[in-house]
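In: Sequence and predicted structure, then a few things I'm wondering about:
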Amino acid sequence: MLTDAPPCKANRGQFLESDRLKTLDLPRDGAVTEIAQHLESAMKSDNIRDVRSACTDFLATASDFYEVPTCGVRVLAARPLRTREHGTFELFGDYDPETMLIRVWMRTAVRKEVTSFGTFLSTLCHEFCHHLDYQKFGFADSWHTRGFYERTAVLYHHARGTPPKKLFWVPMPGERWRIDWQRTNRSVSNDSAV
Ligand SMILES: [Zn+2]
């Protein structure tokens, strides 16, 4: 995971705000977690209809909690080979801020393999966080900043019922950052060992 390069002057302030904003309020009840469990079993039985309804529930419940308009979702079987998303390479989903529609794919384009539940859920959280950027935080664009990935991870771990991970970042050329997975995962296993 690599962050976007900072934008031109006009949006730089919002970009930095997005970068700094590392957490999200979370619902105190387990509604989102419960829906994620339905999603997992629907995926295991490869039932696209149930996957669709779990995704719809998930986004409606989360939108309600964050007090934003509910975004639509389209769960599609295989990702088309040519899909453009501005500048980023995302294999399993996208979000259109104009129509507030999330698209998620259950299978990869080339090999038609079923996406793992973890990847699918993290894609759903990722695209929903794009929705929050526009509708809740009022950003002019939704950049993949360190804060964006942190917020996505907070929501994902809440939905999955797993402890949040502390993310470690490595600076890259062009004012970009990438996650140091080795360090990130090591710190989790150290935590659980204590
Ligand atoms: Zn994205």
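Out: Received, thanks. Fair warning: this is a prediction, and the values are worked out from it, not measured in the lab.
In: can you give me the helices for the chain?
Out: With helices called from DSSP state H, the chain shows them at 9-20, 31-44, 48-66, 117-135, 146-160, 181-193.
In: any idea how far the residue nearest the centre of the chain is from S142?
Out: With distances taken as CA atoms, centre = their mean, the chain has H126 as the residue nearest its mean C-alpha position (1.2 Å). Applying CB to CB, to the nearest Å, the value for H126 to S142 is 10 Å. For every residue, glycine as well, the C-beta is placed using N, CA and C.
In: Would you mind checking which helix or strand in the chain has the lowest mean pLDDT?
Out: The weakest-scoring helix or strand in the chain, judged by mean pLDDT, DSSP states H and E, is helix 181-193 (a mean of 72).
In: picking that back up, by mean pLDDT, show me the worst of the helices of the chain.
Out: Within the helices of the chain, the stretch with the lowest mean pLDDT is helix 181-193, showing a mean of 72.
In: Could you pull up the residues touching the closest residue to D133 other than its chain neighbours?
Out: Leaving aside its chain neighbours, D133 sits nearest to S142 (3.7 Å; criterion: CB to CB, 6 or more residues apart in numbering). Contacts of S142 were listed using CB atoms under 8 Å, 6 or more residues apart in numbering, and they are 18, 95, 97, 129-130, 133-134, 148.
In: and the residues you listed as TSV, adding neighbour count and distance to L24?
Out: TSV is the format used below for these (neighbours: other CB atoms under 10 Å; distance: CB to CB, whole Å):
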residue	neighbour count	distance to L24
S18	24	12
Y95	23	16
P97	16	19
C129	26	8
H130	25	13
D133	24	11
Y134	18	15
F148	25	11
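In: which of these lies closest to R12?
Out: S18 (10.6 Å; CB to CB).
In: Hmm, that closest one is touching Y149, no?
Out: No: the criterion here is CB atoms under 8 Å, and S18 misses it with Y149 at 10.4 Å.
In: how many neighbours does S45 have?
Out: S45: 9 surrounding residues under other CB atoms under 10 Å.
In: What distance do you get for it to L132?
Out: Distance from S45 to L132, by CB to CB: 30 Å.
In: Which parts of the chain belong to which domain?
Out: 16-162, 165-194 (automatic domain parsing).
In: Next, the contact list for the closest residue to A54 other than its chain neighbours, please.
Out: Once flanking residues are discounted, A54 sits nearest to L39: 3.8 Å by CB to CB, 6+ apart. Neighbour list for L39: 51, 54-55, 58, 117, 120-121 [criterion: CB under 8 Å, 6+ apart].
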